[in-house]
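> Task: produce atomic coordinates for the following.
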Amino acid sequence: MHAKDILIDGYGRIQEEVHAVLDGLGPDGLHHRPAPDANTIAWLVWHLTRVQDDHVADAFGLDQVWLSQDWEKRFGLGLPRHDTGYGHSAADVAKVRVESADLLTGYHDAVHAQTLDALRSLAAKDLERVVDEGWDPPVTLGARLVSVLSDDLQHVGQAAYLRGLFQSAAA
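Purely as a prediction, here's the structure:
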């Protein structure tokens, strides 16, 4: 198995978990907050998808799906165009409201498709290319892709936990 195949498998697992956590959730579940300052499932899935979109597009010199496919307009969140959710306050989290999980899965699937296209183009030597010199040591493409994979899996795990809390409270 080649490194790109492992990455493709990993990003596929993110997509599977996003679909599983959103399956059958309505607005109450998507926006449930177990505490006033807690993140919501909608925010967590939006954020993990925005981070993947932003970071993968930047690393491969692509346009963000959020902007190029008009997802920003479809969501209509009233946030800055390039916002990914980093540093969001409780009030910012509350702005990420959707009427249907389909919007979140649609955006995630579009980002996933672009990510897979980029990953399929990889050669092993590409993973050593520096994509961010703002760190010491500079960040390679391989490190960036694993970082996004890890961050996304953590956030989808948090969303799954919130789903369990919501379902327990509703039972």
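> mind listing the strands in this structure by residue range?
For the chain, the strands defined by DSSP state E occupy 130-132, 139-140.
> so which of those comes closest to Asp117?
Of all the strands of the chain, strand 130-132 sits nearest to Asp117, with 17.2 Å by Cβ to Cβ. Bear in mind the C-beta positions are built from the backbone N, C-alpha and C, glycine included.
> pLDDT of that closest one, averaged?
Confidence over strand 130-132 (mean pLDDT, whole number) is 93.
> got it, and stretch 38-54?
Stretch 38-54 comes out at a mean pLDDT of 98.
> Go through it and flag the buried ones.
Within stretch 38-54, the residues that qualify as buried are 39-54, counting by 16 or more other Cβ atoms under 10 Å.
> same question, stretch 85-101
Buried-residue list, stretch 85-101, by 16+ other Cβ under 10 Å: Gly85, His88, Val93, Val96, Arg97, Val98, Ala101.
> quick revisit: among the strands of the chain, pick out the one with the most neighbours on average.
strand 139-140 (a mean of 16; mean count of other Cβ atoms under 10 Å).
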